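Peer 1: Just to be clear, the model below is a prediction. Sequence and coordinates:
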Amino acid sequence: MNNEKRSSKRQKTSIWIKELRGDYFFLRNATNLSDGGLYVENAQPLELNKQISYIVHLPDKKEIHFKGKIVHSKNDTFLKGYGVEFISFEKGSAKDLHEVK
C-alpha cells in the first residue's frame, strides 16, 4: 500500500540552497524536488510546521526566494533531513525553480 501524500512526482536533484535564520544562513543540499516542495539533507531534525525562508542561486546568477514549511523530519541512520512544503515564492521564482529540475 502506498502512503504517499504528494500530489506531484519527486525528481532527484542536487542543488545548494541557503536556509535563512535571522542574521545567519546555512547552506543545505536539496536532494529531490517536486511541484509542492523539496527534501533537504541535514544532520539535525527541525521542528514540524516551522516556516523558513530560502534562497536558491542558479548558475545564471539569478536568485530564487521562497518560504517553506517543515512537513516531516527524519533522523535515522541512513536518511537525515527534512521535507519542505512550498508556501510562497517571489514573483516568477516558482517557474525558475522548476527549470532547475
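Peer 2: On my side now, so go ahead.

Peer 1: From here on, just use CA atoms for contacts and neighbour counts.
Peer 2: OK.

Peer 1: thinking F86 is in contact with G36, fair?
Peer 2: Yes: at 5.8 Å, F86 counts as touching G36 under the criterion of CA atoms under 8 Å.

Peer 1: Comparing those two, which residue is more hemmed in?
Peer 2: Ranked by neighbour count (other CA atoms under 10 Å), F86 and G36 place F86 first, with 20 against 15.

Peer 1: Show me the longest strand that occurs in this structure.
Peer 2: strand 63-75 (DSSP state E).

Peer 1: Adjacent strands (with direction) for it?
Peer 2: Sheet pairing of strand 63-75 (DSSP bridges) gives strand 51-57 (antiparallel), strand 80-89 (antiparallel).

Peer 1: Of those strands, flag the one that's most buried.
Peer 2: For the strands paired with strand 63-75, the largest average neighbour count (mean count of other CA atoms under 10 Å) is found in strand 80-89, namely a mean of 19.

Peer 1: what's that strand in contact with?
Peer 2: 36-46, 64-75 (CA atoms under 8 Å, 6 or more residues apart in numbering).

Peer 1: about what we covered before: do you know which of the strands paired with strand 63-75 lies nearest T13?
Peer 2: T13 sits nearest to strand 51-57 of all those, at 13.1 Å, using CA to CA.

Peer 1: tell me the average confidence for the closest one?
Peer 2: When pLDDT is averaged along strand 51-57, the result is 92.

Peer 1: can you start the count at 586 instead of 1 from here on
Peer 2: Understood, numbering begins at 586; the last thing we discussed is strand 636-642.

Peer 1: The residue nearest to the spatial centre of the chain: which element?
Peer 2: Nearest to the mean C-alpha position of the chain, by CA atoms, centre = their mean, lies L623 at 3.8 Å. Element membership for L623 (DSSP states H and E) is strand 622-626.

Peer 1: before we move on, what about T616?
Peer 2: strand 609-618.

Peer 1: For that strand, report the contacting residues that lie outside it.
Peer 2: The contact list for strand 609-618 (CA under 8 Å, 6+ apart) reads 595-605, 623-627, 686.
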